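1. coordinates for the following, if possible.
(chains A, B, C and D)
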There are 2 protein chains.
Amino acid sequence: MFIEERYQKIVELLKEKNSVRVSDLTEIFDVSESTIRRDLQDMEEKNMLKRTHGGAVSLSSRNFEPSFKEKETSRHSDKVRIAKVAAKLVGDGDSIIIDSGTTTLELAKALNAKNITVITNSIDIATILWEKEDMEIILTGGTLRKNTRSMVGQLSENSLRNFKVDKVFLGTNGITLKDGLTTPNLTEAITKRTMMESGDKVYVLSDPSKFGVVNFAVIENLKQIDAIITTDEVEKQILDEFQNFGVRIITS
Amino acid sequence: MFIEERYQKIVELLKEKNSVRVSDLTEIFDVSESTIRRDLQDMEEKNMLKRTHGGAVSLSSRNFEPSFKEKETSRHSDKVRIAKVAAKLVGDGDSIIIDSGTTTLELAKALNAKNITVITNSIDIATILWEKEDMEIILTGGTLRKNTRSMVGQLSENSLRNFKVDKVFLGTNGITLKDGLTTPNLTEAITKRTMMESGDKVYVLSDPSKFGVVNFAVIENLKQIDAIITTDEVEKQILDEFQNFGVRIITS
DNA sequence: TCGTTTTTGCTTATTTATGATTGTATTACG
DNA sequence: CGTAATACAATCATAAATAAGCAAAAACGA
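-> Model (predicted):
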């Protein structure tokens, strides 16, 4: 078996399982650990995978597929449900803004409208959309915030001011009646606010854990929002309060 | 049996088995190893297969897209060498622009100056730099060009005009004395030109295969360039011509 | 026919792929 | 928090595969 064939096979294995172990690969190919390590090193240089202690993971899985643990802890299934509802709001030919965030990332995956224009400040969302056909993708630019992999700051806001889109899909870290939408980072809050100003309709995607949470930086009060998309796990009483306040609630 | 017939037969074998060994082919055709190697070398140049140590594998099964990853593997070592030289030009505290491209991607990997600011229009470069410490990363924004994974267009140029950096590192698809720097896409050419205007020093990273090549869209003539970084594989005579023209050449 | 070009095989020095070994780094666990 | 277990990089030796140069054979054209 040639090196090139091993590479192919490793790529295939990564597609199936998202990760491979050095020890398994030595058995599969019947070669030494040195050889496998060299293979992985080579493949990492060629951007074919990401090495880890003990083996390697596929690049896409690293960025987009939440690991097993993450899925358990961070309400992944809620986010997928919310994203599917949000995706239905996007019609063929729409232009939309998608904010960075884990829930909005799911929205990007779920999008299936034809011929749409998407503006985003998230590198991960751009990478997801990159593989879809029939779509114009515009990135806002800006300073890269490393922990959210999003572009924020003045540059980002300047770009956003060039556009008026049909719909804006925002993520948030906290949402209450009194303080509205909040997030831990001021710069990010300002970017989100600019996004709201660039859209006709503004939707907030929020899993149940965000309700009642207040963070440092206020994005905007609820009056500017057209609807909050969440799941029916949120207590009915809380949702009613929001609706009485004039905010539309869409549950999945 | 004619050479062409051997070629055909090898292609057939590759379709069946996905890989062929030099040793098997010598038996099948009853010729020497030298002959088989020459055949494979020829066929690789004609993009009929991919050589490996010991034989060859078929292209189709390997990678369905000869786009980005494929480009990366061709002349990869050249690119790494060039990138290392370029990386040395970056000093602590510098602000630089890095253009999109496979060679400049290697530069991003090789960067090791402290406390620098990097402006780029490449998602892949941003992703590489994302893991490094001590670095501010600014993305230009713009429309996503799918085959180069870069941001181009008006938005990109507007962003770039906000900055004056110490050094600009550009990729190119072709470089000649007469036509200067050229690339196949007009929009991308304009973005590159804007980058040049935003920098004090402009360096072009070019592997040897780009010399003498002219593409559709002219980026800029050579007068605007401070130096071309390449390898010593380029014929001395050609490099001399460039130097006589007033362009500094840095080889690795 | 003769000189030229192409194709081929052989030889040798070089490169590549691999496994083993050793000391070091990272992770897991009590 | 410290220690054992595991994984790692770096280095070396070796065998296989390769590139490059040369010479012979075959094909070709005038």
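2. ok, now which ones touch residue A:147?
-> With contact set as CB atoms under 8 Å, 6 or more residues apart in numbering or on different chains, residue A:147 has no partners. Every residue, glycine included, has its C-beta placed from N, CA and C.
3. which element is whichever residue of the stretch 151-252 of chain A sits closest to chain B on?
-> Per CB to the nearest CB, residue A:159 is where the stretch 151-252 of chain A lies closest to chain B, at 4.8 Å. Element membership for residue A:159 (DSSP states H and E) is helix A:154-160.
4. on that earlier part again, could you measure from the residue of the stretch 151-252 of chain A closest to chain B over to residue A:52?
-> Distance from residue A:159 to residue A:52, counting by CB to CB, to the nearest Å: 35 Å.
5. can you give me the neighbour number for the residue of the stretch 151-252 of chain A closest to chain B?
-> For residue A:159, the neighbour count with other CB atoms under 10 Å in any protein chain shown is 26.
6. how about the helix holding residue A:159: buried residues?
-> By 16 or more other CB atoms under 10 Å in any protein chain shown, the buried positions in helix A:154-160 come out as A:155-160.
7. let me see the domain layout of chain A.
-> By the assignment in automatic domain parsing, chain A contains the domains A:3-63, A:72-251.
8. would the shortest one count as contacting chain B?
-> To tie it back to what came earlier, the one meant is domain A:3-63. Yes: shown here: domain A:3-63 in contact with chain B (CB under 8 Å from any CB of the partner chain) through A:3-5, A:8, A:45-48.
9. is it true that residue A:90 touches residue A:96?
-> Yes: the pair residue A:90 / residue A:96 is scored as a contact, 5.9 Å apart, by CB atoms under 8 Å.
10. now the common contact residues for the two.
-> A:116, A:167.
11. any idea which helix or strand comes after the worst-scoring helix or strand of chain A on mean pLDDT?
-> The least trusted helix or strand in chain A, going by mean pLDDT, DSSP states H and E, turns out to be helix A:68-73, with a mean of 42. Next along the chain after helix A:68-73, taking DSSP H and E as the criterion, comes helix A:76-88.
12. if we go by neighbour counts, what in that next one is buried?
-> Buried residues in helix A:76-88, counted by 16+ other CB under 10 Å: A:76, A:78-83, A:85-87.
13. helices and strands around it, which ones?
-> helix A:102-110, strand A:199-205, strand A:227-230 (3 or more CB pairs under 8 Å, 6 or more residues apart in numbering or on different chains; DSSP states H and E).
14. what sits up against the longest one?
-> Same thing as helix A:102-110. The contact list for helix A:102-110, computed with CB under 8 Å, 6+ apart, reads A:64, A:66, A:74, A:79-80, A:82-84, A:86-87, A:98, A:118, A:120, A:122, A:124-125, A:128-129, A:169-171, A:205-207.
15. which residue, neighbours along the chain excluded, lies closest to the residue of the stretch 151-252 of chain A closest to chain B?
-> Nearest non-adjacent residue to residue A:159, counting by CB to CB, 6 or more residues apart in numbering or on different chains: residue A:140, 4.3 Å away.
16. was I right about that neighbour contacting residue B:141?
-> Yes: the criterion here is CB under 8 Å, and residue A:140 meets it with residue B:141 at 4.9 Å.
17. measure the residue most central in space within chain A to DNA strand D for me?
-> Nearest to the geometric centre of chain A sits residue A:105, at 2.2 Å (CA atoms, centre = their mean). Here residue A:105 is placed at a distance of 28 Å from DNA strand D (CB to the nearest atom of the strand, to the nearest Å).
18. tell me who's in contact with the residue nearest to residue A:141 when sequence neighbours are not counted.
-> Distances taken as CB to CB, 6+ apart put residue B:141 closest to residue A:141, at 2.2 Å, once the chain neighbours are dropped. Shown in contact with residue B:141 (CB under 8 Å, 6+ apart): A:138-142, A:151, A:155-156, A:159, B:151, B:155-156, B:159.
19. how about the residues you listed in JSON lines, adding pLDDT?
-> Shown next, in JSON lines, are these (pLDDT from 0 to 100):
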{"residue": "A:138", "pLDDT": "97"}
{"residue": "A:139", "pLDDT": "96"}
{"residue": "A:140", "pLDDT": "97"}
{"residue": "A:141", "pLDDT": "95"}
{"residue": "A:142", "pLDDT": "96"}
{"residue": "A:151", "pLDDT": "95"}
{"residue": "A:155", "pLDDT": "95"}
{"residue": "A:156", "pLDDT": "96"}
{"residue": "A:159", "pLDDT": "96"}
{"residue": "B:151", "pLDDT": "95"}
{"residue": "B:155", "pLDDT": "95"}
{"residue": "B:156", "pLDDT": "96"}
{"residue": "B:159", "pLDDT": "96"}
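20. show me which of those is closest to DNA strand D.
-> residue A:151 (31.6 Å; CB to the nearest atom of the strand).
21. can you tell me the element the closest one falls in?
-> strand A:150-152.
22. for that strand, which outside residues touch it?
-> By CB under 8 Å, 6+ apart, strand A:150-152 touches A:100, A:121-123, A:139-145, A:185, A:187-188, A:190-191, B:139, B:141.
23. cool, and stretch A:6-14?
-> Against stretch A:6-14 from outside (CB under 8 Å, 6+ apart): A:20, A:25, A:28-29, A:31, A:39-40, A:42-43, A:48-49, A:56-58, A:61, B:57, B:61-62.
24. that one: which residues count as buried?
-> Going by neighbour count (16+ other CB under 10 Å), the buried part of stretch A:6-14 is A:6-8, A:10-11, A:13-14.
25. dump it to PDB, restricted to CA.
-> Once non-C-alpha atoms are left out, stretch A:6-14 reads as follows in PDB (Å, rounded to 0.1, in the frame of the first residue of the first chain):
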ATOM      1  CA  ARG A   6      -2.900   5.500   3.300                       C
ATOM      2  CA  TYR A   7      -3.600   9.200   3.200                       C
ATOM      3  CA  GLN A   8      -6.800   8.600   1.300                       C
ATOM      4  CA  LYS A   9      -7.900   6.000   3.700                       C
ATOM      5  CA  ILE A  10      -7.200   8.200   6.700                       C
ATOM      6  CA  VAL A  11      -9.200  11.000   5.200                       C
ATOM      7  CA  GLU A  12     -12.100   8.500   4.700                       C
ATOM      8  CA  LEU A  13     -11.900   7.300   8.200                       C
ATOM      9  CA  LEU A  14     -12.000  10.900   9.400                       C
END
